[in-house]
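Student: Curious how this folds, go ahead:
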Amino acid sequence: MKFGGTSVANIERIRNVARHVKREVDAGHEVAVVVSAMSGKTNELVAWCTEASPMHDAREYDAVVASGEQVTSGLLAIVLQGMGIQARSWQGWQIPIKTSDAHASARIEDIDGREIIKRFQERKEVAVIAGFQGINPETNRITTLGRGGSDTSAVAVAAAVKADRCDIYTDVDGVYTTDPRIVPKAKRLDKIAFEDMLELASQGAKVLQVRSVELGMVHNMPIFVRSSFDKPEDIDPHANQPPGTLICSEEEIMESHVVTGIAFSKDEAQISVRQIEDKPGVAASIFGPLADANINVDMIVQNVSEDGKTTDLTFTVPAADYTRARDTITAAKDKIGYARLDTATDVAKISVIGSGMRSHAGVAAQAFSALAGRNINIRAITTSEIKFSVLIDTAYTELAVRTLHTLYGLDQG
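Tutor: Below is the predicted model:
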């Protein structure tokens with residue numbers, strides 16, 4: 001069971017979490033719980049580091065920010081003990097959760113779950129684990145896993161203790177066909193395949209962290225997204241499926257829709273490099289420096305320039321990297337040899353996702369004509385086996401999402 005920051009925001013909510021845990025213990029389950037820091041705490045700790053020194057040591061940064069989860073795990077263990085449940089808190093280094101040494105964005109390399117399993121068997125003890133953190137065995141220093149890292153910790157721990165399932169409790173009651181705040185008719189999915197969820201998460205759906213879905217897929221660990229605000233007493237722990245969304249392998253999903261969901265991201269920027277010579281090595285001269293600067297490039301479109309003799313290359317980058325990307329290309333102007341640079345930051349990416357697309361032709365064509373019918377201009381298109389994305393002006397984001405949501409029959413009722 002994993003509980004995020006809003007679920008453990010104060011002692012009252014931690015008591016609510018404890019009742020969820022007690023329900024599962026009373027049902028005879030062996031339970032490991034992974035907790036995040038209380039809502040807002042990580043931001044506060046990060047701000048303190050920056051205030052102490054803008055150019056702080058990443059190792060000390062990890063030592064500071066990992067303390068948020070340490071507090072929550074201790075508090076939850078105390079509350080559970082007060083309810084008469086055997087419980088013990090664990091920091092990442094005590095298990096240990098071994099990670100790489102990339103401080104502030106470490107990757108989990110190995111987890112030894114034997115001691116936790118032994119205590120399940122010998123004492124029926126609930127393990128309350130601090131999420132988001134681990135230890136690098138070479139340096140013996142605390143590491144953290146980057147934003148959303150508690151989801152990743154939870155799935156990794158579930159795999160390490162060979163759990164039946166990993167329940168991610170959050171402030172929404174599952175995965176929806178799109179953001180219900182934009183499309184009130186969006187419906188909750190009972191089940192979704194790992195691949196579809198991976199695309200949704202990487203294309204802007206904020207429900208789950210991408211790496212946690214990747215881990216679930218690799219270890220075939222079913223992930224169940226559910227709400228921590230459902231009353232613990234109202235849920236039957238033996239029910240086949242309480243309210244929520246099960247993320248599982250495609251084989252377990254009986255009926256597969258052509259389109260599963262629609263994701264969108266407004267945090268995009270577009271850069272067009274105009275009139276470059278059409279010769280081998282040009283793309284490398286543009287994307288090489290961007291890769292060296294650690295800038296992730298998403299959509300790439302190449303077409304013939306207006307003069308018919310040269311070529312234009314258009315690509316998108318995360319809005320946060322826009323200035324660095326523009327400066328990197330400007331700095332390499334002599335090497336690339338372009339006429340001008342056109343940029344836009346008022347763009348949004350809409351992605352239509354569904355494993356059913358593999359066996360259906362014309363899914364994207366329907367979207368293009370539906371958007372044209374709404375006078376929405378498409379700036380760029382990318383496609384893969386189970387998704388396609390279009391880049392449009394930000395102003396049309398909500399209209400585009402609603403139009404496509406209706407087009408593919410995802411509206412409720």
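
Student: how about the helices of the stretch 201-350 of the chain, start to end?
Tutor: Under the criterion DSSP state H, counting those that start in this stretch, the stretch 201-350 of the chain contains helices at 210-219, 282-292, 322-331, 333-336.

Student: which one of those helices has the most crowded surroundings?
Tutor: Mean neighbour count (mean count of other Cβ atoms under 10 Å) peaks for helix 210-219 among the helices of the stretch 201-350 of the chain, with a mean of 21. Any C-beta I mention is one placed from the backbone N, CA and C, and that applies to glycine too.

Student: From the contact counts, what lies against that one?
Tutor: Applying 3 or more Cβ pairs under 8 Å, 6 or more residues apart in numbering; DSSP states H and E, one finds that helix 210-219 makes contact with helix 149-160, helix 194-202, strand 223-227.

Student: could you dump those to CSV with mean neighbour count, distance to residue 183 and mean pLDDT?
Tutor: What follows is the helices and strands packed on helix 210-219, written out as CSV (neighbours: other Cβ atoms under 10 Å; distance: least, Cβ to Cβ, whole Å; pLDDT from 0 to 100):
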stretch, mean neighbour count, distance to residue 183, mean pLDDT
helix 149-160, 27, 24, 95
helix 194-202, 24, 14, 92
strand 223-227, 22, 19, 94
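
Student: need those in JSON lines with distance to residue 175, can you?
Tutor: Below are those laid out as JSON lines (distance: least, Cβ to Cβ, whole Å):
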{"stretch": "helix 149-160", "distance to residue 175": "13"}
{"stretch": "helix 194-202", "distance to residue 175": "7"}
{"stretch": "strand 223-227", "distance to residue 175": "6"}
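
Student: quick one on the thing from earlier: output the helices of the stretch 201-350 of the chain as JSON lines; include the columns distance to residue 39 and mean pLDDT.
Tutor: JSON lines is the format used below for the helices of the stretch 201-350 of the chain (distance: least, Cβ to Cβ, whole Å; pLDDT from 0 to 100):
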{"stretch": "helix 210-219", "distance to residue 39": "19", "mean pLDDT": "93"}
{"stretch": "helix 282-292", "distance to residue 39": "35", "mean pLDDT": "93"}
{"stretch": "helix 322-331", "distance to residue 39": "29", "mean pLDDT": "95"}
{"stretch": "helix 333-336", "distance to residue 39": "45", "mean pLDDT": "92"}
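
Student: can you tell me which of those comes nearest to residue 242?
Tutor: Across these, residue 242 has its closest neighbour in helix 210-219 (18.8 Å, Cβ to Cβ).

Student: Other residues contacting the closest one?
Tutor: 107-108, 145, 148, 151-152, 154-156, 158-159, 166, 168, 194-195, 197-198, 201-202, 221-223, 247 (Cβ atoms under 8 Å, 6 or more residues apart in numbering).

Student: what separates residue 324 from residue 142, distance-wise?
Tutor: 29 Å (Cβ to Cβ, to the nearest Å).

Student: can you check residue 15 too?
Tutor: Residue 15 is 28 Å from residue 142, by Cβ to Cβ.

Student: Which one of those two is surrounded by more residues?
Tutor: residue 142 (24 against 16; other Cβ atoms under 10 Å).

Student: What are the buried residues along stretch 67-84?
Tutor: 67-73, 75-77, 79-80 (16 or more other Cβ atoms under 10 Å).

Student: Of the residues you listed, which belong to helices?
Tutor: The helices, defined by DSSP state H, take in 67-73, 75-77, 79-80 from the buried residues of stretch 67-84.

Student: Of the residues you listed, which is the nearest to residue 103?
Tutor: residue 67 (14.9 Å).

Student: Helix or strand for the spatially closest residue to the closest one that is not a sequence neighbour, just tell me which one.
Tutor: In this structure, residue 67 finds its nearest non-sequential neighbour in residue 45, 6.7 Å apart by Cβ to Cβ, 6 or more residues apart in numbering. For residue 45, the host element (DSSP states H and E) is helix 41-52.

Student: Now do the helix or strand following that helix: everything it contacts.
Tutor: Next along the chain after helix 41-52, taking DSSP H and E as the criterion, comes helix 58-65. Helix 58-65 is contacted by residues 42, 45-46, 48-49, 103-104, 133, 139, 141-144 when judged by Cβ under 8 Å, 6+ apart.

Student: top of these by neighbour count?
Tutor: residue 143 (31 neighbours).

Student: For that one, give the beta-bridge partners.
Tutor: Beta-bridge partners recorded for residue 143 (DSSP bridges): residue 134.

Student: Might you report the residue contacts of residue 140?
Tutor: So residue 140 contacts nothing (Cβ under 8 Å, 6+ apart).

Student: ok, it to residue 129 distance?
Tutor: 19 Å.

Student: what does residue 231 give?
Tutor: Taking Cβ to Cβ, one finds residue 231 at 25 Å from residue 129.

Student: for residue 268, same thing?
Tutor: On the measure of Cβ to Cβ, residue 268 and residue 129 end up 35 Å apart.

Student: higher neighbour count, the two?
Tutor: Taking neighbours as other Cβ under 10 Å, residue 268 and residue 129 compare with residue 129 leading, 27 against 23.

Student: Sheet partners, orientation included, of the helix or strand harbouring that one?
Tutor: Following DSSP H and E, the helix or strand that holds residue 129 is strand 126-130. Sheet pairing for strand 126-130, assigned by DSSP bridges, gives strand 32-35 (parallel), strand 87-90 (parallel).

Student: starting at the chain centroid, how far to the last one?
Tutor: Spelled out, that is strand 87-90. The chain centre lies 27 Å from the centre of strand 87-90; the measure is Cα atoms, centre = their mean, to the nearest Å.
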